[in-house]
Each structure stands twice: as structure tokens, then as C-alpha cells.
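Enquirer: Kindly generate the corresponding structure for this input.
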Amino acid sequence: MANTTVPDYCKGETALAPGTKDIFVQLVLSFALGLTAFVAFCILRPRWKSLYAARRRRENPEIALPNLPDSFLGWIPALYRVTEDQVLASAGLDGFVFLSFFKMSLRLFATMLFFAATVLWPIHRTFDAYPDPNHPTPPKNSSITLDSVFSRDWSEDETPSLTFEGKHGFSDKGWSYLWSYLAFTWFFSLLTIYFMNTETFKIVKIRQDYLGTQSTITDRTFRLTGIPKDLRTEKKIKDFVENLEIGHVKSVSLCREWGELDSLVARRQKTLYKLEEAWSAYRSQKAVASRAVTAPDTARDESEQAGDAEDDDPNEHLLADEGGVRDAAADRQRPKIRLRFGFLKMRNRKIDALDYYEEKLRQLDENIRVARKKEYTPTDTAFVTMNSIAACQMAIQATLNPRPGQLLTKPAPSPYDVIWRNTYAPRYRRRLQSGIVTVFITILTVLWFFPVAFLASLLSVCSIGLIAPGLAESLQEHDITRALVRTGLPTLVVSLLNVLVPYLYDYLSNIQGFLSQGDVELSAISKNFFFVFFNIFVVYAVSGSAALADFWQIIRDSLSDTNTIASKIAESIQSLSNFYLNFIMLQAFGLFPFKLLQFGSIALYPFYRMGAKTPRHFAQLVQPDLFNYGFFLPTALLVFILCLVYSVLPRAELVLLLGVCYFGIGYFVYKYQLLYSMEQPQHATGGAWPMICRRIIVGVVSFQVVMLAILVLRKAFLQATLVVPLMAMTFWYAYYFHHQFIPLTKFIALRSIKRGTDPGGPSNPSRNEEEPTRLTRRLSTIDEDKEKGISFINPSLIAPLDQPWIYKDPPPPISPTESAGYADSTSDFDPVRYESDNESRVPEGESRPRQNYASTTSTSSSFSLGDTHVWRENGDSNV
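Expert: Residues are numbered from 1 along each chain as shown. Model (predicted):
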């Protein structure tokens, strides 16, 4: 028989989730971690400018971002003074929207903190709640918390009603206290909607001005899908659009089945990397042999050694001494590979790797040249570029065809944002991929129940005692260890899940069949938010005060009695307040400084450095990290919802204070990374803002549901009933938001478009003439800089084929005719050409790459490696 004896540490307040001492331990731990990382960042920032000022170094000098001082803390006020216009010009609409969410949250929770500290906190201190009928008169001056309400199990006859003793009986004060719950539920809900609505108006206005005053090929292009087979030619599509009399068509890019060509280009890229690795292995072997040959000989006199030392050129450290290499050529072994062939690949032979990959690369180059001249079967998708932005917007916002599913128009992504392999994938295949990914995520969400519920069981020593009684007894005897297990371990593991799980969902979003990286990014945000909200908030709300073995029992009981799940959620929400305090505390004070430090890049750099073999690998090491919104935004939305849910409950002032700290610190951290240290290649034109607003509305509804459950359980049915109209208003606002604001976040209003007859003038005719136009004074936007000279053409058709990067400097560029891939095959590639600046020559006895390359370097490899230590002090050139 199971032991039903309840240990002493499972009685009363000790049975609850983490307590006050645990919060103090978590605070000390978070500050220790965060302060260490912040001090390290302030010390390393002026020394490793290639890492912490990487984006600033590569940015257009016309974008006037300030140079941050190298002093220990001097960069903070300089970063604070960066204006919204500078953020918009440097980080684009996506970065501006992301930072606007943090600023709005900071202002909102600062306002709520004021009212919580001045009104709610005195109410909680004044009114003494004690529901036990055996103790009708609570002690004087005892602080009010609802912990006593949820610290024991109540039978049906003992269900507590939050009553308070006063002059006229128990119900008077209780009535007024619960009315304060209702009043602040209404006030904070409406305040949140007001702040969100105001910020939405601001973002819509700035977005319309920003896109209306720039001129890019993306703004003049729309995506046409569902093209019938009888219209699948460029000329017919052009005639069809122009017959609509909405404008003139400048160009049409009809997507075709380029699978064969894309496959050849991908195979060539792999072969190129293998050839470069083979050359790297050969040259490293040559360097070792050169050092052995050029070692001082005992027969040589000191004068000869001194003369040799004077002739040594330090700029030729990658090239061996010519005479030494010639003497050691016979001892050098060219790299070999094992080639398998014959029946079932049972036979094999070792061949020269350089010769094999060079010949294979030559054959692939020839095949690509032939494939580029082929005609491919057209698909039902095309990119149509109009002669004006207004004509493009009219086409996007109109219905072109009366037949459903045909000739549908959508805004086009940026050319460098298009995932071309999905443009020619059949629609049914992309829908099938999307459905499979959705089903997989649903199954994965159910599977997450087990680890998350297990983590929830660690919040209580009693729950640990059900699984490991000996461990629970040991923890009960050691306060610090118990605090670390109940607070540090669960919050740390949950935070690690927030770091690791987004990589999985990002991969799933990439294979879902989206046509642009911007859509992939938005999908990743949605998936990651669903994970953190459902598993960290909903599952914890059900199982937070129960052991893993009791979780399914709670679910079974809830199916027969809905009051069970409501009761458990209300109890868990109240008892988990300390856990969520610790979670927000760790995120704000402990992990944000590590994000600023870019600890992941620093920790992984030695491994990447050891794995780098070729100059191309070394060049990739100095590329700025990518800022992935799907990794950062969901956690911020979860913290927003947590602060809102606990904004009325006891300790609301502490939760809101931590929320202010979280969004304040996060604003500075992400502002620095977006402006100075990270790249953001996505082009979503602020498309994340509607997603942010929808999740905020979900948080508002969650807040109202929790308050409704608490009022119902306290038998305050009138107050609970008055929450229902508030929920109805919130749903109405969600409908209003969708119909009023979503079109303005997807399209450009015709009135916002700057006409060619009014260059530099206000984009909005109704604007006051004395009001300065915030966006027309700059020379160009970041999108215009990125899209200069590009078009909607599959890069496999026109992109130059990279030459092998063997020496420290990249291969030289070639003529535009050759870069298109139609060069004469007799053109010679000589590695001496890009060593000539140092008067370097390939020594006799060293083989040269033998193939003829009609290509140039990629744009991502447009600068030399330089120092192999990418974070070495390089002076002002890095800024």
C-alpha cells in the first residue's frame, strides 16, 4: 500500500511553489551572471570591434549613426541619443517595429506600476483576507496575500469565499476589495488596448510615409499566382495586365521549372568547397615541407643565414620559399580521395583530389552554361513589375479574375528574399508540406507535456517527494540548495528550452514551402510563441502545483467537471507567481547581458576556427551574426502576458517592476545589436506588428479569464459577470483591428505614394505644411541601397560562378559577359593574379588550378581575410 502520511514540509506554506527566500537567491544568481557578462562586454567592446561593430563597419557611410565612444560606459548615453529616424534609416521597418514594441511595453508597464504601487499595494496591505471560518478575526496588521487561500485543499463545504470583517459584518470590506479587482481589470485592459492602438496608428503612419517616399523594384512589383496555361508567356501576361488599364508593365519574370539548373549550381558549390579544401590541405603540407627544407643547415655560415633572414618578406607567409619548395617537391604528397565504382560500388581506387575536383568543376561549369540556355516549362507564378508604385498597388488591392483561385495578386517579396526553389514547386506540394509540418507541430506540442510537466513538479518539495522522497528530505535540510532546485533549475531549464526549441521551429518553417524568407521569419515567430505560451504558461498553469503523476488526473477530472480546471488554473496562477518572477528576473538581469555579449558566438568561435580550412571559411568567420526575430520576440511576448496577468494580483508591483526592467534592458540590448553588431537580411516591411498585436490581445483575454476565474471561485458572481462585457469588447476590438489596420500594414495607400511631379515633398497631402517630413530628407532608405541593380531573376540564371579561393585574397572580378556564365572556355585562371600586390609568384614545382573559370567571387566574399584573428584590434577601420 502506498504511504499516505503527509510529511511536515508538505503542510502549510512550505507546500507551495518557491517562496521569498527563493526569490532572493534567484535575484543574487541573476545579478551575478548578468554583471559578469556586462563587465566582460564593456571591456571587450572596444577591443573586438570586428564583432561588436561589425554591422557599422559594413554600412553605407551616408547613414549617420554616431560612433560610440570606447569608454567603459560612455556608449550607453550615445546609444540612447540615437533617434527613431536613425533607427528607421539603419535598421529598416522590421527593426523599427521590433524596438517600438519594447518602448510601448516599457511605457505601459511603467504606467501600470504607478497605479499598482499607489492604489493596489495599499489595498493589499490594508485588507486582511482570512477565509478559515475557525479564525474569523485575523491578526492586526498582517499583510494580505492570497497564499493562505490556496495553501490547502478545500472540501465543498469549506470552499472559501473571500469575506472580510468590518463594522457591518464580513461582506462589506470583501465587497469593496473584490470591486477593486474588477475596476483594475477593466482599467488595465483598456489601458493596454489604448497603448497598442496609439502605437499602431504611429507605426501605420510611419510605414506609409517610409514606403511611399522610396522607390524600389519591390514596391513596383506584385506576385501573380494561379496563371492559366494559356497565359503562361511573358508577352501574354504583359498584355493581360496592361489591358486592365491600371498602368504599364515594365517587365515580367515568369517562374519556370528550374530544378535541373538549381541542382547543378548546388552541386557545383559543393564541389568548389571540396576543391578549396583539397588545395588548403596541399598548401598546408607544402608549408610544413618548406619550413623543414629552409631550416638552417649546419654547413651554412652565419653570414649566409643573416643574408637569408634579411631577404625574408613577411608579406609572403602564405607562399613558401621558391628554392625550398622546389627541393621538397618530390617529398610532398598531393591529396588523394578514394573513388568507388563498379557493381554496387564495390571497387575503389585512390586518385588525385586536385585533378578530380578540378575536372568535375569544369564539367559542371559546362553543364551550367548549357542549362542556362535551355527553355524550361513555365509555372503558374510570375513577378510583374509595373512602371509606378501606384499601378502596382492598384493591381495588388484589386480582384483581377472572376474565377476563384486564378490570377491572384499578392505583394512581392524583395528579390534577395525570394526562395526560388519554392517558386516552381507545385501548389499542392507546398500545401502538403505545410499540412505535414502543422500536424508534426501539434504532435510535438503534446509530447512537450512530459518534460514541461516534469519541470513543473520541481517547483514544490512535496512534488519532488512523490518522485524521490530521499532527495526531498535532503533538500528540506539545506535552504540554499532547496532554493536553487526550486527556482534556479526550473527557470534555467525553461530558459534553455526557449533558446534551443526555436532552432527546431525555424527549420520546420524553412521546409514548409514559403516563397520568401520574410514569411519564414513570421512563421517562426508564430510557432515559437505557441510553444512558449502553451507549454510555459498554460501547462504550468494546470500542473504547476501538482506532481507529474497528478497532471493527467487533473485533466480527467476537468472533462467531467469544468470547475475543476478553473479551480486548478486559479490556484496555480496564484502559487506560481514566484516562479514567473524568477523567470522574468533571470531573463532581464541574467540573460540579456549574455545576449549583448553574444556569448554564443564567442563560445563557438574556437570550434569554428578549428574547423576553418580555406580562406573562404575564414572570411565567413568575420560575417556579422544574423538577428532572427523568431528567436527573440516570442519570449518578450510571453513576459508581456505574464506581467499583464499578474498586474492586479498580490505582488503586482514587483511583477510590473521586473517587467519595466525587462523591457528597458531589452530595448537597449536589441537596439545595440540591430544598429551595430548584427545583420537582418529579412524584408517583411514591418509585418511582425500585426502578429504582435494579435498576441497582445491574446494576453489581454488571458488576463481577463484569470481574473474571472478568481472572482467566480470567491463567489463574487456580480463582479465576475461584469468582466464578461469587457471580454466581449476585447473580441470586438480584435475584429475592428483586423479590418481597420491589417490592410494598412500589408499595402501602401495610394494617397501615401510620392508622385514623380513632387520629388521630396510630403507624401500625405493633408499634412500641415509646417510639419517636417521625417523621411524625405535622407538620400535613400536601407531598402533602396540593398536593391540597387537587382531584378526578379533566379540567381542560378545570371549569378557569376565563384572561382576557387585558394590564397588569402579573393579571386579577381571578371568582365560582365563572363560573369553571366557565357565566357569563352579558353580564358585562363591564374592564382598569381591576385597575389601580385605583394609581388608573389607561385613557385616552380607547385601545381596551379587547371580549370578555366568564367566567374567571380560572391558578394558575401568581397573582402579579404586579413588577420586570422577576427577580433584583433584593428583601429578605426572597423567602425
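Enquirer: how close does residue 102 get to residue 409?
Expert: From residue 102 across to residue 409, the span is 34 Å (C-beta to C-beta, to the nearest Å). In this view, the C-beta of every residue, glycine as well, is placed from N, C-alpha and C.
Enquirer: ugh, wrong one, I meant residue 68
Expert: The separation that residue 68 has from residue 409, given C-beta to C-beta, amounts to 44 Å.
Enquirer: Under the pLDDT cut-off, which ranges of the stretch 51-200 of the chain? List them.
Expert: Low-confidence segments of the stretch 51-200 of the chain, defined by pLDDT under 70: 56-64, 127-176.
Enquirer: Going along the chain, name the helices of it.
Expert: Counting by DSSP state H, counting those that start in this stretch, the stretch 51-200 of the chain has these helices, from start to end: 54-58, 75-80, 84-115, 121-126, 147-150, 171-212.
Enquirer: any chance of those helices in CSV, plus mean neighbour count and distance to residue 225?
Expert: CSV is the format used below for the helices of the stretch 51-200 of the chain (neighbours: other C-beta atoms under 10 Å; distance: least, C-beta to C-beta, whole Å):
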stretch, mean neighbour count, distance to residue 225
helix 54-58, 19, 35
helix 75-80, 14, 43
helix 84-115, 21, 24
helix 121-126, 15, 57
helix 147-150, 20, 55
helix 171-212, 19, 22
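Enquirer: For residue 25, find the nearest of those helices.
Expert: Go through these one by one with C-beta to C-beta and the one that ends up closest to residue 25 is helix 147-150, at 18.7 Å.
Enquirer: need the contact list for residue 37.
Expert: Residue 37 sits next to 593, 594, 596, 597, 599 when contact means C-beta atoms under 8 Å, 6 or more residues apart in numbering.
Enquirer: pLDDT at the third one, what is it?
Expert: By that I understand residue 596. Looking at residue 596, its pLDDT is 93.
Enquirer: Wait, it touches residue 669, no?
Expert: Yes - the pair residue 596 / residue 669 is scored as a contact, 4.8 Å apart, by C-beta atoms under 8 Å.
Enquirer: if we can go back for a sec, please narrow the contacts of residue 37 to those residing in helices.
Expert: When those are checked against helices (DSSP state H), the matches are 593, 594, 596, 597, 599.
Enquirer: I'd like to know which of these are buried.
Expert: The neighbour-count criterion (16 or more other C-beta atoms under 10 Å) marks 593, 594, 596, 597 among those as buried.
Enquirer: Apart from its chain neighbours, what residue comes closest to the second one?
Expert: With C-beta to C-beta, 6 or more residues apart in numbering as the criterion, residue 594 has its nearest non-adjacent residue at 4.6 Å, and that residue is residue 37.
Enquirer: ok so, going back, what's the farthest-apart pair in the buried ones among the ones in helices among the contacts of residue 37?
Expert: For these, and using C-beta to C-beta, no pair is farther apart than 594 and 596, which are 7.2 Å apart.
Enquirer: Please enumerate the helices of the stretch 701-850 of the chain.
Expert: Secondary structure of the stretch 701-850 of the chain (DSSP H, counting those that start in this stretch): helices located at 717-721, 723-740, 742-746, 782-786, 795-798, 816-817.
Enquirer: Can you say which of the ones you listed is packed in most?
Expert: Highest mean neighbour count among these (mean count of other C-beta atoms under 10 Å): helix 782-786, with a mean of 18.
Enquirer: quick one: contacts of it?
Expert: By C-beta under 8 Å, 6+ apart, the surrounding residues in contact with helix 782-786 are 60, 63, 89-92, 214-216, 218, 414, 416, 683.
Enquirer: any idea which of those residues is closest to residue 375?
Expert: Taking C-beta to C-beta as the measure, residue 375 sits nearest to residue 416 out of the contacts of helix 782-786, at 25.7 Å.
Enquirer: neighbours around the closest one, how many?
Expert: Other residues near residue 416 number 15, with proximity taken as other C-beta atoms under 10 Å.
Enquirer: Could you look up the SS state of it?
Expert: State at residue 416, reduced to three classes by DSSP: H, G, I helix; E, B strand; the rest coil: helix.
Enquirer: show me the contacts for it.
Expert: With contact set as C-beta under 8 Å, 6+ apart, residue 416 has these partners: 681, 683, 786, 787, 790.
Enquirer: 6 Å instead?
Expert: Contact partners of residue 416, counting by C-beta atoms under 6 Å, 6 or more residues apart in numbering, are absent.
Enquirer: one step back: CSV for the contacts of helix 782-786, including distance to residue 240?
Expert: Below are the contacts of helix 782-786 laid out as CSV (distance: C-beta to C-beta, whole Å):
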residue, distance to residue 240
60, 39
63, 41
89, 38
90, 40
91, 39
92, 33
214, 28
215, 25
216, 24
218, 22
414, 25
416, 28
683, 27
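Enquirer: Pick out the shakiest of the helices of the stretch 701-850 of the chain, pLDDT-wise.
Expert: Ranked on mean pLDDT, the bottom entry among the helices of the stretch 701-850 of the chain is helix 816-817, at a mean of 45.
Enquirer: Excluding chain neighbours, what is closest to residue 513?
Expert: If you skip the residues right next to it in sequence, residue 513 has residue 430 as its closest partner in space, 3.3 Å away by C-beta to C-beta, 6+ apart.
Enquirer: what pLDDT does that neighbour get?
Expert: 88.
Enquirer: tell me which residues in the strand or helix carrying it are buried?
Expert: Taking DSSP states H and E as the definition, one finds residue 430 inside helix 427-447. Along helix 427-447, the positions that meet the burial threshold by neighbour count (16+ other C-beta under 10 Å) are 433, 437, 441.
Enquirer: coming back round to it: element containing the residue nearest to residue 594?
Expert: Using DSSP H and E, the element containing residue 37 is helix 20-44.
Enquirer: Return the backbone torsion pair for residue 349.
Expert: Summarising the backbone geometry of residue 349 under the convention degrees, to the nearest 10, its torsions are phi -150, psi 140.
Enquirer: what is it paired to in the beta sheet?
Expert: With DSSP bridges as the criterion, the beta-bridge partners of residue 349 are residue 339.
Enquirer: Counting neighbours, what do you get for it?
Expert: Neighbour tally, residue 349, other C-beta under 10 Å: 11.
Enquirer: For residue 364, see how far away it is.
Expert: For residue 349 relative to residue 364 (C-beta to C-beta), the value is 21 Å.
Enquirer: again with residue 427
Expert: If you go by C-beta to C-beta, the gap between residue 427 and residue 364 works out to 31 Å.
Enquirer: pLDDT below threshold where in the stretch 601-750 of the chain?
Expert: Under the criterion of pLDDT under 70, the regions of the stretch 601-750 of the chain flagged as low confidence span 682.
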